[in-house]
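Chemist: Could you look at this predicted model? Sequence included:
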Amino acid sequence: MSDEFSGGPENNALSELLDVNMPADAEAVAAVVDSISETLARLEVPEQKRFEVALAVQEALANAVVHGCGNDRSKQIRCRLKSDPQGRIVIIVTDPGPGFSPELQPDPKGNANLYADHGRGVYLIRQLMDEVRFERSGSEIMMWKY
């Protein structure tokens, strides 16, 4: 998908606020989430929205580390933060993995999955963000907060 995000909010005037590459290491996630939170605080994004975005980004990065990169520290994950003139933001997390089909993910609220210790990340991201899209066969997630 192009950097204009033609599939998202109908505005191509996005400003890049952050572009970070991180190793596929669970310990690297917190620093990226902190950088995004600090950037949003400087933009005076309300605290509740910052919390929701931070949690969604944490889940997306964790999924990229585990599923997209197989916990292989030699692989890189890219995380970008952009905004538009209306104050909407989009976070894009891209990993080098083969992707997945989000529509085939089991329902985490289903009886068989209620007590599972994983499988809630995509569901949680969708609850926290205003719009979520998967691109590049699922190896890229685009998350909007309005």
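Modeler: Structure received. Nothing here was measured: the structure is a model prediction, and the numbers come from that model. Numbering: from 1, shown residues only.
Chemist: contacts, neighbours, all on C-alpha from now
Modeler: OK.
Chemist: need the helices for the chain, in chain order.
Modeler: Here the chain has its helices, by DSSP state H, at 26-42, 47-63, 121-128.
Chemist: closest to residue 82 out of those?
Modeler: Nearest of the helices of the chain to residue 82, taken as CA to CA: helix 26-42 at 10.3 Å.
Chemist: Which strands and helices lie in contact with the closest one?
Modeler: Judged by 3 or more CA pairs under 8 Å, 6 or more residues apart in numbering; DSSP states H and E, the packing partners of helix 26-42 are strand 15-23, helix 47-63.
Chemist: Adding mean pLDDT, write these out as TSV.
Modeler: Formatted as TSV, the helices and strands packed on helix 26-42 follow (pLDDT from 0 to 100):
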stretch	mean pLDDT
strand 15-23	97
helix 47-63	97
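Chemist: roughly how far out does the lowest-mean-pLDDT helix or strand in the chain sit from the chain middle?
Modeler: Within the chain, no helix or strand scores below helix 121-128, which has a mean of 93 by mean pLDDT, DSSP states H and E. Chain-centre distance of helix 121-128: 10 Å, with CA atoms, centre = their mean, to the nearest Å.
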